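Asker: Using only what follows, build the 3D model:
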Amino acid sequence: MTLDDLYATILARKTADPDSSWTAQLLAKGPEKCAEKFGEEAIEAIIEAIKDDKAALTSEAADVLYHLLVMLAARDVPFGDVLDELGKRQAQSGIAEKAKR
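Answerer: Next up is the predicted model:
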């Protein structure tokens with residue numbers, strides 16, 4: 001499964017019955033809840049990285065990616081737009097890109 005496939009599945013769940021899937025339940029709670037859940041998962045990933053638990057970090061990283069895509073879907077941000085932004089940044093050094101912000 002690619003991230004594109006996962007994002008397509010998440011988008012399909014936007015109109016699904018919340019009783020039918022966790023993703024539909026999360027999306028039904030609104031963008032703020034989706035953002036909160038993403039933050040929780042990011043913190044859990046940070047904790048596992050600090051503990052140097054590679055298996056747990058791998059699992060938490062998957063959760064972070066999933067919840068990032070849910071948060072994007074909740075705010076109608078196309079995943080392709082995020083990939084396009086990364087592509088633009090790839091054309092310049094990270095130091096130069098950071099200096100522009």
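
Asker: how close does residue 47 get to residue 60?
Answerer: 8 Å (C-beta to C-beta, to the nearest Å). Where you see a C-beta, it was placed from the backbone N, CA and C, and this is true even at glycine.

Asker: and the two? which has more neighbours close in?
Answerer: Neighbour tally, residue 47 and residue 60, criterion other C-beta atoms under 10 Å: the higher count belongs to residue 60, 20 against 13.

Asker: In terms of helix, strand or coil, where does the more buried one fall?
Answerer: Under DSSP: H, G, I helix; E, B strand; the rest coil, residue 60 falls in the helix class.

Asker: now it: how far from residue 29?
Answerer: Taking C-beta to C-beta, one finds residue 60 at 21 Å from residue 29.

Asker: okay, the most centrally placed residue in the chain: pLDDT?
Answerer: The centroid of the chain falls nearest to residue 68 when counting by C-alpha atoms, centre = their mean (1.3 Å). As predicted, residue 68 sits at a pLDDT of 98.

Asker: What of residue 90?
Answerer: pLDDT, residue 90: 86.

Asker: From residue 84, how far out is it?
Answerer: In terms of C-beta to C-beta, residue 90 sits 11 Å off from residue 84.

Asker: ok, now residue 53?
Answerer: When residue 53 is compared with residue 84 (using C-beta to C-beta), they lie 34 Å apart.

Asker: Report the set of residues contacting both of residue 47 and residue 60.
Answerer: Taking C-beta atoms under 8 Å, 6 or more residues apart in numbering as the contact rule, residue 47 and residue 60 touch no residue in common.
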